[in-house]
Structure formats: C-alpha cells, structure tokens
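[1] got a predicted structure plus its sequence, pasted below:
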Amino acid sequence: MKRLIPTLRADNVPLELIMVIRTILAASKEISFRVSQGALSGILGSSLDENIQGETQKKLDILSNQLLKDILLSSPDVRAIASEEEDDVVAGIEDAPYIVAFDPLDGSSNIDINGQIGTIFTIYAARDDVPADSPLQFAQPGTAQLAAGYVLYGPSTLLVLTTGGPTRLYTLDQTHGGYLLTQDEMEIEPDTAEFAINMSNQRFWNQDTQAYINQLIAGETGPRGKRFNMRWNGAMVGDVHRVLQRGGIFLYPSDTKNPGQPSKLRLLYEANPMAMLVENAGGKAVTGEDRILDIMPSDLHQRVPVIMGAANEVDEFVNTKA
Ligand code: AHG
Ligand code: MN
Ligand code: MN
Ligand code: MN
C-alpha cells in the first residue's frame, strides 16, 4: 500500500507544504492515541472555560488545540495559525511560506459518548502585504486553499486530504504509525436518497428550506417521487465523511436560532476545507446563495450556512422555492 509522503511527492506537492501536512498529522496521531484511550487518558468531560463563540470547551478541545498549536508554531514553514479555540491569529515564524487554520476537535458533543470526532485543517500561502499576526492573513477565499483535510477518529483513524487534485483517503496504520493510501479518488455520486440535517432546528429555517425538507420526507408519493433516508452524527466530520463514502447531502442551512448569526458552522476552518474536499470529489458546496469557496472571509470566526454533497441534490436545494 502506498504511503502518504510518496503519494504527495508523486502529486508534485512542494516539499515545505508536505512538511506542514506532516506536522499537522504528527499532532493528529497523538490526538488519535489519547482518544483511543478514552477515560484512561483523562480526556473526557468539560473544562471550566469558554471559547470566543461562547461554547463551553471540552478537555479534549483544549488538549487538541494545544497539541496542534505547539507543533505548528515550532515549524519553520508556518507564519501564522487560526483556530476555533483561539480568539485571534497567532504568529509563527516570520517569512515562513504558509498559514494554517484548524478546528482542533470537531464534534465536541460526541467526545463523551465514544462517537465520531475529528480534526479539520486548511493551508494557505502566507500574505506578504500584511503582518504575520493580522487576521487579514486569512482574508482569502476558499479557492486559494493549497491543501485541505480532516482526520476522523472513528473505529479507524482516517485521513481525507486534497492538495488541489483528487480527494484521497488514507488509513492510519497503528502498527507502524503511518497513514497509508486506502482509496485513491473519492467520488460523490450526483444523485442521492440520503440527507443529513438537524431536524430540531426546523422552526428556525426559512420557508424555502422548510419546503425542500418537506419534499424529501414526503417520500414516494411526494413531488420528488422517492423515499429519502436521514442520518445525523452531530459531528460534521462524520456526516461529511459518510457523504464522501456513500453519497448524500449534508445541510446546516441558514437559520434564525441565534440572533446575529446566519447559521452554526464556521467558514474558515469548517465550511471551506470540507467544501474543497467535496468539490474535488465531484460534489458541490453552497450557502444556498453562493458557492462556499468564493466567499471572501470578513471575520476569523465567521459563520455561514452550509449545504454540500451530491451535485444534483445541492442543485435541487438551491432551486426549491416555497
Ligand atoms: P465543534 O464541535 O467543532 O464546535 O463543531 C460542532 C458542529 C459540527 O461538528 C456539527 O455538524 C454541528 O456542530 C452539530 O450541531 P448540532 O448540535 O446542531 O447537532
Ligand atoms: Mn466548538
Ligand atoms: Mn467543528
Ligand atoms: Mn471544534
């Protein structure tokens, strides 16, 4: 089986970029080990702290953030980092070529139930026209991402990665500690009969979204003329991984649940990397109005509606009006 580094080299990924990916993955292996040890490694439960978005941080949110932060800031190739668990941009090495944004631990509510969780990351070229610690380092649209990926800590630890070419799947070989290529090109079929959405938010959606979901659950006698199945992991990494493996559509649409927030998921370190992975597997990713990858970020922790997955189904969502 092909190993990660030779695969990246064959894809002509620049050496320094490979080094940054390796650095992120070194932290992921440590997180994976701690997760597999569960209560034995003292990682379960909550801390007493909140992040800038008002979420109570779990112990594993803090630990994963610290592991990634420490290792990335000691890399000679990283000029700055941004994280869900850091209020501001943190500067690394002046003149280093890359910046990295990450969601250190996605699916925090799954930690204590032994459910699917993951780490999401994205790498951009550093900007020379703004200081290393400026939030403007990350004012780049998702189309400028040089690499995007996630590590899923499930029954197996998996890496899903794109460096601009295909979306590839690697499996962590716990016996020798390396990621091995186990699926060369992931591909999302354009049609599907499976959707993922948090139905408890129904009353907060707009009329068009309500109409779309009503059509799906109307089944074979409804306007779509077929039965749809629903799945919800409560962790974007798990839900989008299912879409990448067996098709489907994932939605965290526009809602009015929290005043001043268009929806729940964050553009920089959740929506953008997942959108790049989905598009490079033949799927689509939109907010309902715009292609996610075209959005120019206005804030580090900006939230956006997310609809991604099977291309024809994403089109159906966009075209369905109440
Ligand atoms: P995080 O754990 O990084 O804060 O992200 C949680 C996100 C995402 O993983 C998931 O899709 C969504 O929250 C789940 O939201 P619900 O609580 O509405 O299920
Ligand atoms: Mn969180
Ligand atoms: Mn998340
Ligand atoms: Mn998180």
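    Everything's here; your move. Ligands and ions are numbered 1, 2, ... in the order given.

[2] give me phi/psi at Arg303?
    phi -110, psi 150 (degrees, to the nearest 10).

[3] so how far is ligand 4 from it?
    13 Å (CB to the ion, to the nearest Å). (Each C-beta comes from the backbone N, C-alpha and C, glycine too.)

[4] A helix includes Met276, no?
    Yes - under DSSP: H, G, I helix; E, B strand; the rest coil, Met276 sits within a helix.

[5] list the contacts for it?
    Going by CB atoms under 8 Å, 6 or more residues apart in numbering, Met276 touches 122, 142, 145, 148, 162, 293.

[6] from the residues you listed, pick the one nearest ligand 1.
    Nearest to ligand 1 among those, counting by CB to the nearest ligand atom, is Thr122 at 14.1 Å.

[7] which residues does the closest one bridge with?
    Ala101, Ala148 (DSSP bridges).

[8] got the contact list for whichever residue of the stretch 51-200 of the chain sits closest to ligand 1?
    Closest residue of the stretch 51-200 of the chain to ligand 1, CB to the nearest ligand atom: Ser108 (3.6 Å). Contact analysis of Ser108 by CB under 8 Å, 6+ apart lists 55, 57-58, 60-61, 117.

[9] number of residues surrounding Glu50?
    Residues lying near Glu50 (other CB atoms under 10 Å) number 10.

[10] I'd assumed Thr56 was in contact with it.
    Yes - counting by CB atoms under 8 Å, Glu50 does reach Thr56; the two are 5.7 Å apart.

[11] now do the worst-scoring helix or strand of the chain on mean pLDDT: which elements does it pack against?
    Of all helical and strand segments in the chain, the minimum by mean pLDDT, DSSP states H and E falls on strand 46-50, at a mean of 92. Secondary-structure packing of strand 46-50 (3 or more CB pairs under 8 Å, 6 or more residues apart in numbering; DSSP states H and E): strand 56-58, helix 59-73.

[12] adding distance to Ile24 and mean neighbour count, write these out as TSV.
    Below are these laid out as TSV (distance: least, CB to CB, whole Å; neighbours: other CB atoms under 10 Å):
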stretch	distance to Ile24	mean neighbour count
strand 56-58	20	18
helix 59-73	7	21
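
[13] ok, which of the ones you listed comes nearest ligand 4?
    helix 59-73 (5.8 Å; CB to the ion).

[14] tabulate the helices and strands packed on strand 46-50 (a markdown table), appending distance to Tyr212 and mean pLDDT.
    Listed next are those as a markdown table, based on distance: least, CB to CB, whole Å; pLDDT from 0 to 100:
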| stretch | distance to Tyr212 | mean pLDDT |
| --- | --- | --- |
| strand 56-58 | 32 | 94 |
| helix 59-73 | 33 | 97 |
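
[15] okay then, goodbye and thanks.
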